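Enquirer: Next input, structure requested:
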Amino acid sequence: MADNLDALEDWVGPLLAQLDVKQRRVLAQRVARDLRRSQRDHIRAQTNPDGTPYAPRKPQTWRAKQGHIRRRAMFSKLSTARWLKATARNDTAMVGFFGNIARIARTHQYGLRDRVSRNGPRVEYAQRELLGFTHQDHELIMDSVLTHLDSV
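Expert: Coordinates of the predicted model:
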């Protein structure tokens, strides 16, 4: 995937050099917003960037009353704009999790070990890629750049 990003950078670089700072910032904001939507859709669909479904949750056998707490889709709150941020600076667009929530997202992204609660046991989480770059994202960026250049 790094080769695709390098090819995209080689394609977009000369085009961006022709824009002034304000136009580059507007384009970066548009790209960041579009990428955030794309990542949000992946998270809500419960799929990794390669299209495979997330690893299922482990069964919770310690609950006495079955069905007492309704199980929702994983990461439903993480996919909201409050936690999944899209930021843009002059010619940089960033999409990611920031602050304390970034630790939780990183744990799931790479399948690391973490504590369930402050004094709780350490648990190894299954790898569930929350953020990733797909071929559709590559095309989304190209379309955003072309649309922006067409309107300028």
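
Enquirer: Please tell me how far the closest residue to Gln23 other than its chain neighbours sits from Ala28.
Expert: In this structure, Gln23 finds its nearest non-sequential neighbour in Val152, 6.1 Å apart by Cβ to Cβ, 6 or more residues apart in numbering. (C-beta placed from N, C-alpha, C; glycine too.) Applying Cβ to Cβ, to the nearest Å, the value for Val152 to Ala28 is 14 Å.

Enquirer: Would you mind telling me which of the two has more residues around it?
Expert: Each of Val152 and Ala28 has its neighbours counted (other Cβ atoms under 10 Å); Ala28 has more, 22 against 11.

Enquirer: most centrally placed residue in this protein?
Expert: Central residue of the chain (Cα atoms, centre = their mean): Leu131, 3.3 Å from the mean position.

Enquirer: For that one, give me its contacts.
Expert: 39, 49, 95-97, 105, 109 (Cβ atoms under 8 Å, 6 or more residues apart in numbering).

Enquirer: pLDDT weak spots in the protein?
Expert: 1-4, 60-71 (pLDDT under 70).

Enquirer: As a check, name the ranges of all strands in it.
Expert: Secondary structure of the chain (DSSP state E): strands at 84-89, 92-97, 113-115, 122-124.

Enquirer: burial count for the closest residue to Ser76 other than its chain neighbours?
Expert: Of all residues not flanking Ser76 in the chain, Arg44 sits nearest, at 7.4 Å (Cβ to Cβ, 6+ apart). By other Cβ under 10 Å, the residues close to Arg44 number 14.

Enquirer: quick one, longest helix in the protein?
Expert: Counting residues, the longest helix found in the chain (DSSP state H) is helix 21-44.

Enquirer: can you tell me how far the nearest residue to Lys77 once chain neighbours are set aside sits from Leu27?
Expert: What sits nearest to Lys77 in space, not counting adjacent residues and going by Cβ to Cβ, 6+ apart, is Trp83, at 6.6 Å. Distance check for Trp83 against Leu27: by Cβ to Cβ, it reads 25 Å.
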